[in-house]
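Participant: Sequence below, structure please.
(one chain, ligands or ions: 2)
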Amino acid sequence: MPEHARLDIVIPIYQEQENLPELRRQLAESCAQIEGVDWRVIYVNDGSKDNSVPIILQQHQEDPRFTLVDLSRNFGHQAAISAGLRHTDADAVIIMDGDLQDPPEVIADLVACWREGGQVVRAQRRTRQERGLRRLGFDAFHKVFAWVSDFPIPSNTGVFGLLDRQAVEQLNLLDERNRFIPGLRAWIGFDQRTVYYDRLDRAAGDPKQTLRRLIRYAMDGVFSFSYKPLRLMTYSGVCISAVGFTIASVFIFKRLFGFEVAQIGFTTLVTLILIMGGAQLVALGLIGEYLGRIYDEVKQRPLFVVRRAYGLGKDTH
Ligand code: UDP
Ligand code: MG
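Facilitator: Ligands and ions are numbered 1, 2, ... in the order given. Alright, predicted model coming up:
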């Protein structure tokens, strides 16, 4: 391990003007306590329309360790993180949210775990303060993901964590568009370790990940990491056909041997048609999910577009 290791902290920022001053204070305070590292913060502005950029540039002026990658518009949480990861050449990189839900004091624990040999260090929540529908959604997602994915991620982990140089380079090589970073991070392998912490509530402002986005994110998680939904379709098709053939054989048998055949009522028929029609549409939708993702890959559009970078090398500002 080099004497003075370089540590970059990648933070996606979308309209976090209320949180930025406190975030900077806590980051500086927490990082000052870690010995033997030169740290730097890479804020990735994901198309904020509030005062986040002026505030960050002010921080950059006052302390050049706070740098900025300014994206040309809003590309989403995962793309913003990916942009940050492509701009770092540090020995270790922390990824964390900018709303203080991921407490900066945990950085010291992550670094300690890295120094003990961890290459991918996940921060796992001991507790979570979200309640109600969101909470239920998170729990349900982790159950589904654990079931479908070949690369399970521990439940209660998000993007918060540390990656060493080798892990970052591998992650950068995974060029897929619909990114689900916790899954990709599990996929790359290496020495994966866990550090526990208590997740706080968002310090200020509304959640920027709306329910719709979270659902999309969850779907990326499932569809990018599993063919199981497709297989499930095949299996249910086989089961339904089996039931159909059985019923048909019973009817034929009864007809052939002169038994009375019960008339199926109109209600039964309509119900069956609607259920089967619905099931077929769901199946088509599932195929569509994969097809749409294939389309995204084929187009080969970049994951993000950078307007300008500040403080990250000679060719930037
Ligand atoms: N974020 C982003 N782009 C977006 C939405 C969110 O960069 O389109 C950032 C946001 O500023 C925050 C982090 O991603 O730093 C997590 O967002 P949020 O707290 O809304 O998500 P949640 O905690 O609900 O998962
Ligand atoms: Mg949050």
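
Participant: so where do the strands sit in the stretch 151-300 of the chain?
Facilitator: Assigned by DSSP state E, counting those that start in this stretch, the stretch 151-300 of the chain shows strands spanning 157-164, 192-198.

Participant: any idea what sits nearest residue 218, other than its immediate chain neighbours?
Facilitator: residue 141 (4.6 Å; CB to CB, 6 or more residues apart in numbering). Every residue, glycine included, has its C-beta placed from N, CA and C.

Participant: and the one you found, that's in a helix?
Facilitator: Yes: assigned with DSSP: H, G, I helix; E, B strand; the rest coil, residue 141 falls within a helix.

Participant: circling back to that earlier point, okay, the strands of the stretch 151-300 of the chain in CSV with distance to residue 210 next?
Facilitator: Below are those laid out as CSV (distance: least, CB to CB, whole Å):
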stretch, distance to residue 210
strand 157-164, 16
strand 192-198, 25
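
Participant: Comparing these, which stretch has the densest surroundings?
Facilitator: strand 157-164 (a mean of 23; mean count of other CB atoms under 10 Å).

Participant: partners of that strand, with directions?
Facilitator: Strand pairing for strand 157-164, using DSSP bridges, gives strand 92-95 (antiparallel), strand 120-127 (antiparallel).

Participant: wait, residue 96 sits on residue 102?
Facilitator: Yes: at 4.1 Å, residue 96 and residue 102 qualify as touching, with contact defined as CB atoms under 8 Å.

Participant: Could you tell me which residues touch both of those two?
Facilitator: residue 160 (CB atoms under 8 Å, 6 or more residues apart in numbering).

Participant: gap between residue 254 and ligand 2?
Facilitator: Per CB to the ion, to the nearest Å, residue 254 is found 62 Å from ligand 2.

Participant: what's the nearest residue to that residue if we skip its chain neighbours?
Facilitator: Nearest to residue 254 is residue 261, by CB to CB, 6+ apart, at 5.1 Å.

Participant: Can you check the pLDDT for residue 297?
Facilitator: Model confidence at residue 297, given as pLDDT, is 92.

Participant: Can you verify my assumption that it contacts residue 176?
Facilitator: Yes: using CB under 8 Å, residue 297 makes contact with residue 176 at a distance of 6.6 Å.

Participant: Ligand 2 contacts on the stretch 51-200 of the chain?
Facilitator: 99, 101 (CB under 5 Å from the ion).

Participant: Flag the shaky bits of the stretch 51-200 of the chain, pLDDT-wise.
Facilitator: For the stretch 51-200 of the chain, residues meeting the criterion pLDDT under 70 lie at 128-131.

Participant: contacting residues for the residue nearest to residue 254?
Facilitator: Here residue 261 is in contact with 251, 254, 255 (CB under 8 Å, 6+ apart).

Participant: how far away is residue 159 from ligand 2?
Facilitator: Residue 159 is 10 Å from ligand 2, by CB to the ion.

Participant: Contacts only, for that residue.
Facilitator: Here residue 159 is in contact with 77, 78, 81, 95, 96, 97, 181, 182 (criterion: CB under 8 Å, 6+ apart).

Participant: any chance of those residues in CSV, with neighbour count and distance to residue 236 too?
Facilitator: Output for those, formatted as CSV (neighbours: other CB atoms under 10 Å; distance: CB to CB, whole Å):
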residue, neighbour count, distance to residue 236
77, 22, 33
78, 21, 31
81, 23, 36
95, 25, 38
96, 27, 41
97, 22, 38
181, 23, 31
182, 21, 29
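
Participant: Please convert those to TSV, extending it with distance to ligand 1.
Facilitator: Shown next, in TSV, are those (distance: CB to the nearest ligand atom, whole Å):
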residue	distance to ligand 1
77	4
78	9
81	8
95	10
96	8
97	4
181	11
182	12
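
Participant: now, which of those residues lie within helices?
Facilitator: Counting by DSSP state H, the contacts of residue 159 place 77, 78, 81, 181, 182 in helices.

Participant: How about the strand or helix carrying residue 28, which residues are buried there?
Facilitator: Secondary-structure assignment from DSSP states H and E places residue 28 in helix 20-32. Buried positions in helix 20-32, judged by neighbour count with 16 or more other CB atoms under 10 Å: 20, 23, 24, 26, 27, 28, 30, 31.
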